[in-house]
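*Asks:* Sequence and predicted structure, then a few things I'm wondering about:
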Amino acid sequence: MQFDFKSRRMFVPGDFSVGATIEPDRDRTNYLVNVLRLRPGDTILVFNGRDGEWRARLAEAGRRSCRLEMEEQVRTQTSAPDIHYLFAPLKHARLDYMVQKAVEMGAGRLRPVITQHTQVARVNLRRMRANAIEAAEQCGILTIPEIDAPKPLARILDEWAAGRHLVFCDEGAATANPAETLKDLPRSPAALLIGPEGGFSEEERADLLRRPYVTALSLGPRILRADTAAVAALALIQAFIGDWR
């Protein structure tokens, strides 16, 4: 089924089935009734990350509560590409942007990583999830990515799951052409790691390169900001070993 670009769309937690009713929380009620100005009888597309996309009718609307009735499923559930996106957290607006773009590019799991040069140690996971949901709502995505609590890089590497290849962006990679690096790698499950603004320490880089499941990836001759690198690298990953093939 094709994505409906014209209809309004919202993420709504709950269990969907024909005739089921959902009472959105206060924030979503405010958006439906006071921002979108829906009235009883109006419809909206809703998804919950599990049951596909549904057309729902606003059955009741009050100042602080409303009720949605599920009418029909319009798209079946799809799964996100099996790509994990690991990143050193950035400050506020740039982190918001990076999360949104990672979701748009198909990252199935977001994993904040604390490195030696990471400048932001605390991450607002609730804000990250809100940005992920907003990106999914705007781009027709049906699956909300998992979002992990931050962990130190060394711990993540020591706990790495067998069978998932990790590509990390490295301006010192032996091969300057990213296409040459990626063309022979296995397809997903895969993961992409973007370091902090100051780059990885020599100790961290050496630790990454000694692990058999890791590949260093150059993004070309220019130095990119971390949020720009995220979009460029995810596009390459999707084109060579993701779902763009």
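*Replies:* Received, thanks. Residues are numbered from 1 along each chain as shown.
*Asks:* Nearest spatial neighbour of the residue most central in space within the chain, chain-adjacent residues omitted?
*Replies:* Note on the chain: the residue nearest the mean C-alpha position is Val103, at 2.9 Å, using CA atoms, centre = their mean. Leaving aside its chain neighbours, Val103 sits nearest to Ala135 (4.0 Å; criterion: CB to CB, 6 or more residues apart in numbering). (C-beta placed from N, C-alpha, C; glycine too.)
*Asks:* Any buried residues in the helix or strand hosting the one you found, and which?
*Replies:* In this assignment (DSSP states H and E), Ala135 forms part of helix 125-139. With burial defined by 16 or more other CB atoms under 10 Å, the residues of helix 125-139 counted as buried are 128-129, 131-133, 135-137.
*Asks:* Dump the C-alpha coordinates for the strand or helix carrying the residue nearest to the centre of the chain into CSV.
*Replies:* Val103 is part of helix 92-104, with elements assigned from DSSP H and E. Once non-C-alpha atoms are left out, helix 92-104 reads as follows in CSV (Å, rounded to 0.1, in the frame of the first residue of the first chain):
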residue,chain,number,x,y,z
HIS,A,92,20.4,20.0,22.0
ALA,A,93,19.4,21.2,18.5
ARG,A,94,22.1,19.4,16.7
LEU,A,95,21.2,16.1,18.5
ASP,A,96,17.6,16.7,17.6
TYR,A,97,18.5,17.1,14.0
MET,A,98,20.7,14.0,14.0
VAL,A,99,18.1,11.8,15.6
GLN,A,100,15.4,12.9,13.1
LYS,A,101,17.7,12.3,10.1
ALA,A,102,18.8,8.9,11.4
VAL,A,103,15.2,7.8,11.7
GLU,A,104,14.4,9.2,8.2
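*Asks:* Tell me the helix or strand right after that helix.
*Replies:* Proceeding C-terminally, helix 92-104 gives way to strand 109-114 as the next helix or strand, assigned by DSSP H and E.
*Asks:* tilt between that following strand and helix 125-139?
*Replies:* Orientation note: strand 109-114 sits at an angle of 140 degrees relative to helix 125-139 (axes from the mean of the first three to the mean of the last three CA atoms, to 10 degrees).
*Asks:* Compute the inter-axis angle for the helix holding Ala135 and helix 92-104.
*Replies:* Computed by the same axes, to 10 degrees, the angle between helix 125-139 and helix 92-104 is 50 degrees.
*Asks:* what does helix 125-139 rub up against?
*Replies:* 9-11, 47, 95-96, 99-101, 103-104, 110, 141-145, 147, 149 (CB atoms under 8 Å, 6 or more residues apart in numbering).
*Asks:* For that helix, output the C-alpha coordinates as PDB.
*Replies:* The C-alpha atoms that make up helix 125-139 are tabulated as PDB, following Å, rounded to 0.1, in the frame of the first residue of the first chain:
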ATOM      1  CA  LEU A 125      16.100  10.000  26.200                       C
ATOM      2  CA  ARG A 126      12.600  11.200  26.300                       C
ATOM      3  CA  ARG A 127      13.500  14.100  24.000                       C
ATOM      4  CA  MET A 128      15.300  11.700  21.700                       C
ATOM      5  CA  ARG A 129      12.100   9.500  21.500                       C
ATOM      6  CA  ALA A 130      10.000  12.600  20.800                       C
ATOM      7  CA  ASN A 131      12.200  13.500  17.900                       C
ATOM      8  CA  ALA A 132      12.200  10.000  16.600                       C
ATOM      9  CA  ILE A 133       8.400   9.900  16.700                       C
ATOM     10  CA  GLU A 134       8.100  13.300  15.000                       C
ATOM     11  CA  ALA A 135      10.300  12.100  12.100                       C
ATOM     12  CA  ALA A 136       8.300   8.900  11.700                       C
ATOM     13  CA  GLU A 137       5.000  10.900  11.700                       C
ATOM     14  CA  GLN A 138       6.300  13.200   9.000                       C
ATOM     15  CA  CYS A 139       7.900  10.600   6.700                       C
END
